[in-house]
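Student: this is a predicted model, with the sequence first.
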Amino acid sequence: MGIPQSTLLAGRTALVTGAASGIGRAIAAHFVAAGARVVLADRSESVVDAAVDVGATAGLVFDATDERQVTGAVAQASDLLGGLDVLVTSHGILTQSPLAQMSLAQWRETLEVDLASVFLLNRAVLPGMLAAGAGRIVNVASQLGIKGGASLAHYAAAKAGVMAMSKSTALEVSSQGVLVNVIAPGPIETPLLQGIDEDWRVAKRGELPLGRFGTADEVAPTAVLLASDPGGNLFVGQVLGPNCGDVMP
């Protein structure tokens, strides 16, 4: 099935991280199809090819955990696009370990990549958006940040932190025209999920009311909605859950 073409995001500019593959790449492709001009970002150099494939303006390679690189990448994306209307943070790592056997290094790495880097990116784009009096930030978390997950305490903690940070930021900036929201998908068939063992995936699939995992193309339209006008205008500090029924708030 092809990506629906529309004008929902015509004239909008966006930076999408984690865009070399998976949900990030799908969101970038759907943004382009909806009329946005997009810069893709990832720590993998394959993001440059991904940008060409989806028809984006450029692909940037940087480490989202490095404060200086984040500042530089946001400035570069803004220069390329003539300003940033939308930020989507869709990067992350996923490893597996029971808490009793988890090393401090594993815990810290996950919190750095899945939470601290999201803070750095959000902070970096806010001055420009606040000066413009408008902007959209869409942080991609996980339903595990709501319900937790066996052998995934570090990942769940990071994603819960993304949700809490996003809600807090929304309280600070929504009155100034910047809307901050979260997408919390359930298990999605992406390369990220390959870091989890098959027994976990089989058990999780059996828990889902829908009976299957989602696809990245099924998550991406939620990001288009949140970035659009008027569709996303009333979402403030919300957590939207394309999660196959795993969480029903």
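Tutor: Cool, the structure landed.

Student: and the gap between the residue nearest to residue 147 when sequence neighbours are not counted and residue 61?
Tutor: Counting by Cβ to Cβ, 6 or more residues apart in numbering, residue 247 is the residue found nearest to residue 147 once chain neighbours are left out, at 5.7 Å. Every residue, glycine included, has its C-beta placed from N, CA and C. According to Cβ to Cβ, to the nearest Å, residue 247 stands 34 Å off from residue 61.

Student: number of nearby residues for residue 67?
Tutor: 15 (other Cβ atoms under 10 Å).

Student: surely it touches residue 121?
Tutor: No - if you go by Cβ atoms under 8 Å, residue 67 and residue 121 don't touch, sitting 10.4 Å apart.

Student: next, show the common contact partners of those two.
Tutor: Listed as contacting both residue 67 and residue 121 by Cβ atoms under 8 Å, 6 or more residues apart in numbering is no residue at all.

Student: tell me the secondary structure for residue 182?
Tutor: Following DSSP: H, G, I helix; E, B strand; the rest coil, we place residue 182 in the strand state.

Student: could you list the buried residues of the helix ranked longest in the chain?
Tutor: The helix that spans the most residues within the chain, counting by DSSP state H, is helix 153-173. Judged by neighbour count (16 or more other Cβ atoms under 10 Å), helix 153-173 contains these buried residues: 153-163, 165-167, 169-170, 173.

Student: if we can go back for a sec, wait, what's in contact with the residue nearest to residue 147?
Tutor: Taking Cβ under 8 Å, 6+ apart, one finds 143, 146, 147, 184, 186, 241 in contact with residue 247.

Student: what's the burial count for the fifth one?
Tutor: Going back to what we said before, that points to residue 186. Neighbours of residue 186 using other Cβ under 10 Å come to 22.

Student: for the protein, name the helix or strand with the lowest mean pLDDT.
Tutor: Lowest by mean pLDDT, DSSP states H and E among the helices and strands of the chain is helix 198-207, with a mean of 87.

Student: what kind of secondary structure is the residue nearest to residue 147 in?
Tutor: Note that with three-state DSSP, the state of residue 247 is coil.
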